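Visitor: Provided below for reference: sequence and predicted model.
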Amino acid sequence: MKGRTMTVLLGGIASLMVAMGIGRFAFTPVLPMMMDHSLFSAEGAGYLAASNYLGYLIGALVLTLIQVKNRSALLLAALIASIATTWGMGEFHTLEPWILLRFLSGCASAVVFVIASGIVLERLSALQTGIFYGGVGAGILLTGVAVPLLAYDGSWVIVWKGLGIISLILGLAAWYLLRDSRTVTAAPDAPKSIHPAGVRRILICLSIAYGLEGLGYIVTGTYLVAYAKTVSTIPNFAALSWIFVGLAGIPSCIGWSALASRWGKKWTLTAAMILQAAGIAIPVVIPSTASIIAGAILFGATFMGITMLFVSYGKELYPQDNRKIVGLLTACFGLGQIVGPLVAGILIEGSSSYMTALIGAAIIVFLGAISLPIGIGNRNGKNRYTKQRRESI
């Protein structure tokens, strides 16, 4: 690997750790601590999560509509916003400013993710791309380790501010490594020989399935650690469950990319979503320490790989107009992410149990999984286009 490529790859990983691993997902391991202090209910946690995902949706969609002239400056601004909103969670003690901070954090996460991806992916091979997306898992692993260490005296305020300092260090490294990275974007491949009606059908199926994925996966992404705390009495086990998510997430994109090259994206996505549905359901069907670990591993091993495959699937369908396609898929996914925590929070609060919310989430992800082969039909999942069959992934 060339020196500049390695530099850009490391910068991209650091940026994802800041904006996604910490800025977006640190809320999950900190959540049970804040609820223990009676700062908000499960329903309030749903509002906080939904505001973050609304910010992410808006940030991602805006970037699909505007032309970015200075990526380095925009990346720096977004990293600063992510760092500031993480630190700011420890400065306030009421729900309203937290909702605003989580919204702004979501906007910043989207900008960092899109801009860093644009800079980094111009230089990487398929294997290196999987390593880059592993930065999300690395950030989750970092929060799983850092939160219990920072919470030695039980103070959620120190946890948020400590995470803010960690984000500052990583953010400065990310911007230094990615700044003024100028590359020439390769021209898109020529459109494949495929009937337009077939493309539209596949895109509709992808949009529906991705929306269901967003609706279902985010329930575990928000409440896994809080649920783990109700099951096991092992000290710091709740945070440990989040560490397993990160450990499984780091290599996941590499593995799913390899499988997609053999099975095709349709069947790979179907398998990944079925595994994820099982990972969501197992901890509540068989509540135990072992089942939570199994669920955390299955969740971590699938959620980023699924996102990567959906986005690359859409790009390949419309290679010359992929920004709008990614925007459409992001909108469907984002809407699901917003609704999921709100509904789950109400269900958890009303029943004083995580059972209904998590089982419902598992069913939704499973429905999304089976909608792909049913909706797309016999079109080849291995990206083989032929004049006779006019197949698409």
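Guide: Okay, I see it.
Visitor: Just want the most central residue of this structure.
Guide: By CA atoms, centre = their mean, the chain has its centre lying nearest to Met304, at 5.6 Å.
Visitor: how far away is that residue from Leu335?
Guide: Computed as CB to CB, to the nearest Å, the Met304 to Leu335 distance reads 20 Å. (Glycine included, C-beta is placed from N, CA and C.)
Visitor: Work out for me the element the residue nearest to the centre of the chain sits within.
Guide: Counting by DSSP states H and E, the element that carries Met304 is helix 289-317.
Visitor: And the next helix or strand past that helix?
Guide: Criterion used, DSSP H and E; the element after helix 289-317 is helix 322-351.
Visitor: Run through the chain and note the low-pLDDT ranges.
Guide: 1, 180-195, 197, 321-323, 378-393 (pLDDT under 70).
Visitor: Now do the helices in it.
Guide: 3-16, 27-36, 42-65, 71-88, 95-121, 126-150, 156-178, 196-231, 237-249, 252-263, 265-285, 289-317, 322-351, 355-376 (DSSP state H).
Visitor: which of the residues in the shortest one are buried?
Guide: Applying a neighbour-count criterion of 16 or more other CB atoms under 10 Å, the buried positions in helix 27-36 are 27-35.
Visitor: Please apply the same query to the fourth one.
Guide: When burial is assessed from 16+ other CB under 10 Å, helix 71-88 yields the following buried residues: 71, 74-88.
Visitor: Tell me the one of those nearest Asp153?
Guide: Taking CB to CB as the measure, Asp153 sits nearest to Trp87 out of the buried residues of helix 71-88, at 18.4 Å.
Visitor: so who does that closest one touch?
Guide: By CB atoms under 8 Å, 6 or more residues apart in numbering, the contact set of Trp87 is 160-161, 163-165, 167.
Visitor: From Val30, how far off is it?
Guide: 13 Å.
Visitor: Equivalent analysis for Ala344, please.
Guide: 18 Å.
Visitor: can you check Lys266 too?
Guide: Distance of Lys266 to Val30, given as CB to CB: 37 Å.
Visitor: just Leu101 next, same as before
Guide: As judged by CB to CB, Leu101 and Val30 stand 13 Å apart.
Visitor: Return every residue with contacts to both of these two.
Guide: With CB under 8 Å, 6+ apart as the test, Leu101 and Val30 both reach Met89.
Visitor: So what touches stretch 17-26?
Guide: 52, 56, 78-79, 82-83, 85-86, 105-106, 108-109, 111-113, 116, 135-143, 147, 163, 166-167, 170-171, 174, 221, 246.
Visitor: Leaving out chain neighbours, which residue sits closest to Gln276?
Guide: The spatially closest residue to Gln276, leaving aside those adjacent along the chain, is Thr302, at 4.1 Å (CB to CB, 6 or more residues apart in numbering).
Visitor: Relative to Trp256, how far out is that neighbour?
Guide: Taken as CB to CB, the span from Thr302 to Trp256 is 8 Å.
Visitor: Give the residues shared as contacts by these two.
Guide: With CB under 8 Å, 6+ apart as the test, Thr302 and Trp256 both reach Ala272.
Visitor: ok, Ile234 touching Thr289?
Guide: Yes. Counting by CB atoms under 8 Å, Ile234 touches Thr289, with 6.5 Å between them.
Visitor: More neighbours: which of these two?
Guide: Thr289 (16 against 10; other CB atoms under 10 Å).
Visitor: hang on, the earlier thing: please spell out the PyMOL selection for the buried subset of the contacts of Trp87.
Guide: Selecting the buried subset of the contacts of Trp87 in PyMOL, with 16+ other CB under 10 Å as the burial test, is done by:
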select buried, resi 160+161+163+164+167
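Visitor: need the contacts of Trp87 in TSV with distance to Ile297, can you?
Guide: Formatted as TSV, those follow (distance: CB to CB, whole Å):
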residue	distance to Ile297
Trp160	27
Lys161	30
Leu163	24
Gly164	29
Ile165	29
Ser167	26
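Visitor: ok now do Ile348, which residues does it touch?
Guide: Residues in contact with Ile348, defined by CB under 8 Å, 6+ apart, are 42-43, 46, 223, 354, 356-357.
Visitor: try Leu259
Guide: Counted by CB under 8 Å, 6+ apart, Leu259 has contacts 268, 271.
Visitor: and if we set it to 10 Å?
Guide: 265, 267-269, 271-272, 305, 309 (CB atoms under 10 Å, 6 or more residues apart in numbering).
Visitor: Same check on Ala238?
Guide: 28-29, 31-33, 144, 147-148, 224-232, 292.
Visitor: which of those count as buried?
Guide: So, by 16+ other CB under 10 Å, the buried ones in the contacts of Ala238 are 28-29, 31-33, 144, 147-148, 224-229, 231-232, 292.
Visitor: Now do the shared contacts for Trp87 and Val30.
Guide: 160, 163.
Visitor: any idea how far stretch 30-46 is from the chain center?
Guide: Distance of stretch 30-46 from the chain centroid (CA atoms, centre = their mean, to the nearest Å) equals 21 Å.
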